[in-house]
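Trainee: just a sequence and a predicted model for now, questions to come.
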Amino acid sequence: MHIYVHIPFCARKCPYCGFYSVAHCNEAAGYFKALDKEILEQPVICSAEAEGDVETVYFGGGTPSFVDASYVCNAFRKIRHLFSLEEGEFTIEVNPNSFDADKARKYREAGFNRISIGVQSLHDDVLQTLGRLHDRQEALDAIECAKSAGFTNISCDLILGVPGQREEDLYEDAQILIDAGAKHISMYSLMIEEGTVFEQRYGDRLDEYVDPDLERRMYHGLRSFLESRGLIPYEISNCAFPGYESRHNLSYWQGREYYAFGAGAHGYLNSERFAHPEDIGEYIKDPMKRITEEVLTEEDKRKEKCMLALRTSAGICRESAKQYDAIISKNMELGYLEECNTGFRLTSKGLDFANQVFMDFV
Ligand code: SF4
């Protein structure tokens, strides 16, 4: 089992961001009170559904580091106590502009053992285009703060395909992050999300600002660069030194069930995919309210497992693939899938057509 906790507060809304968050933390006190209530009541509701021990906890957002550290640490301590957590992977997301040595120390003391830093870029012009509040130096300082507090499992995000970004910027950023101590790098292509400032600015014309061939070169180039430095591309968007793969994210790709606490959080329990309303006020009034998005049949689960497994470099095992011979053959003929030791996985070409392959399983 796994736990995701959503902290929907940010210092400012980034113009490209489609995640649920608000640009203030006025309601933090009420929010964390409601979160406590949900955490305390949820295990009782779910005890019949839970199938095993909790292995990972992930505080994401939003920006968990934007609110007072005591809120987050108390909520995490509550979870640890209730679920009797000793060992596991316990991650907190932070942003460089709202993170310092004091917060890093408090997070470590509370028991977080993995930190994910929203670096995005180490080039100030790219950071400005992205509307980020930090600069290169603050991003590097954040890594130092994490290290000095004792974090060794450090992940950094990088965005590629940003208007004005150069291919060599990415490799330079990646090398600096590795030298600084990052053990895991998540690489995301800039996407235009609905309802964002970037949607107004670029609409569906992002390719007029970023050559799609360049964006693909950046993606494949960065994967290869990271691999040449020892970080294995273990998933479409994630590379890590061996032993530093995100256990929490791997659980999603293995189709495992997870609790989700907080406004806007999406969970998967007892075959049901559910979400909490994206409304902090509503969450404070009723933190137990959740909306069923989908109840998966056994066949849905099998298909979804294949689709998710194909995101990983291990791919889909032969046993699972047996039932989908036609889909596998078709995508092998197209050059999107190839055989590997364990079964079948996306080819380098297939990485560019991954969504198309996944759609065949829907
Ligand atoms: S800090 Fe992260 S979650 Fe918050 S608005 Fe920016 S991208 Fe979105």
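Mentor: Arrived safely.

Trainee: separation between residue 109 and residue 142?
Mentor: According to CB to CB, to the nearest Å, residue 109 stands 18 Å off from residue 142. Backbone N, C-alpha and C define where each C-beta goes, glycine included.

Trainee: other residues contacting the strand or helix carrying residue 356?
Mentor: Assigned by DSSP states H and E, residue 356 falls within helix 354-359. Outside helix 354-359, the residues that touch it by CB atoms under 8 Å, 6 or more residues apart in numbering are 236, 307, 310, 311, 331, 336, 337, 346, 350.

Trainee: these in helices, which ones?
Mentor: Among the contacts of helix 354-359, the members found in helices (DSSP state H) are 307, 331, 350.

Trainee: need the residues of the stretch 1-150 of the chain near the ligand, please.
Mentor: The stretch 1-150 of the chain has residues 10, 13, 14, 17, 19, 21, 61, 62, 63, 95, 118 near the ligand, with proximity defined as CB under 6 Å from any ligand atom.

Trainee: which parts of the stretch 51-200 of the chain are strands?
Mentor: 56-61, 89-94, 114-120, 153-160, 184-189 (DSSP state E, counting those that start in this stretch).

Trainee: possible to save the ones you listed as TSV with mean pLDDT?
Mentor: Shown next, in TSV, are the strands of the stretch 51-200 of the chain (pLDDT from 0 to 100):
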stretch	mean pLDDT
strand 56-61	96
strand 89-94	98
strand 114-120	98
strand 153-160	98
strand 184-189	97
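
Trainee: now these in JSON lines, with mean neighbour count?
Mentor: Below are the strands of the stretch 51-200 of the chain laid out as JSON lines (neighbours: other CB atoms under 10 Å):
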{"stretch": "strand 56-61", "mean neighbour count": "24"}
{"stretch": "strand 89-94", "mean neighbour count": "24"}
{"stretch": "strand 114-120", "mean neighbour count": "25"}
{"stretch": "strand 153-160", "mean neighbour count": "23"}
{"stretch": "strand 184-189", "mean neighbour count": "20"}
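
Trainee: would you list the ones you listed in TSV and tack on distance to residue 70?
Mentor: Putting those into TSV (distance: least, CB to CB, whole Å) gives the following:
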stretch	distance to residue 70
strand 56-61	14
strand 89-94	14
strand 114-120	18
strand 153-160	23
strand 184-189	27
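
Trainee: quick one: which of those is nearest residue 256?
Mentor: The minimum distance between residue 256 and the strands of the stretch 51-200 of the chain falls on strand 56-61, with 9.7 Å, by CB to CB.

Trainee: now do the buried residues in the helix or strand containing residue 273.
Mentor: According to DSSP H and E, residue 273 maps onto strand 272-275. Within strand 272-275, the residues that count as buried by 16 or more other CB atoms under 10 Å are 273, 274, 275.

Trainee: what is the first one paired to in the beta sheet?
Mentor: Note on residue 273: beta-bridge partners residue 268, residue 294, judged by DSSP bridges.

Trainee: residues in contact with it?
Mentor: Contacts for residue 273 (CB under 8 Å, 6+ apart) come out as 266, 267, 292, 293, 294, 295, 296.

Trainee: what about the second one, how many neighbours?
Mentor: The burial metric for residue 267, expressed as a neighbour count using other CB atoms under 10 Å, is 23.

Trainee: isn't it up against residue 258?
Mentor: Yes. If you go by CB atoms under 8 Å, residue 267 and residue 258 touch, sitting 5.9 Å apart.

Trainee: overlap of the contact sets of those two?
Mentor: Here residue 267 and residue 258 have residue 4 as joint contacts, going by CB under 8 Å, 6+ apart.

Trainee: quick check: the closest residue to residue 155 other than its chain neighbours vs the ligand, distance?
Mentor: Nearest non-adjacent residue to residue 155, counting by CB to CB, 6 or more residues apart in numbering: residue 184, 3.8 Å away. For residue 184, the distance to the ligand equals 18 Å [CB to the nearest ligand atom, to the nearest Å].

Trainee: how about the contacts made by whichever residue of the stretch 101-250 of the chain sits closest to the ligand?
Mentor: Closest approach between the stretch 101-250 of the chain and the ligand, counting by CB to the nearest ligand atom: residue 118, at 5.8 Å. Contacts for residue 118 (CB under 8 Å, 6+ apart) come out as 63, 93, 94, 95, 96, 132, 157.

Trainee: could you do residue 164 as well?
Mentor: 125, 126, 129.

Trainee: mind putting the residues you listed in TSV, pLDDT and neighbour count included?
Mentor: Listed next are those as TSV, based on pLDDT from 0 to 100; neighbours: other CB atoms under 10 Å:
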residue	pLDDT	neighbour count
125	97	13
126	97	23
129	97	20
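
Trainee: if we can go back for a sec, measure the residue of the stretch 101-250 of the chain closest to the ligand to residue 206 for me?
Mentor: 21 Å.

Trainee: ok, residue 206 - contacts?
Mentor: Contacts for residue 206 (CB under 8 Å, 6+ apart) come out as 161, 163, 190, 192.

Trainee: helices and strands around the helix-or-strand element of the chain with minimal mean pLDDT, which ones?
Mentor: Between all helices and strands in the chain, the lowest mean by mean pLDDT, DSSP states H and E belongs to helix 28-46, at a mean of 85. For helix 28-46, the packing partners by 3 or more CB pairs under 8 Å, 6 or more residues apart in numbering; DSSP states H and E come out as helix 69-82, strand 258-261, helix 280-285.

Trainee: highest mean neighbour count out of the ones you listed?
Mentor: strand 258-261 (a mean of 23; mean count of other CB atoms under 10 Å).

Trainee: ok, and what's touching that one?
Mentor: Under the criterion CB under 8 Å, 6+ apart, residues 1-6, 35, 38-39, 42, 46, 54, 251-252, 266-269, 274-276 lie in contact with strand 258-261.
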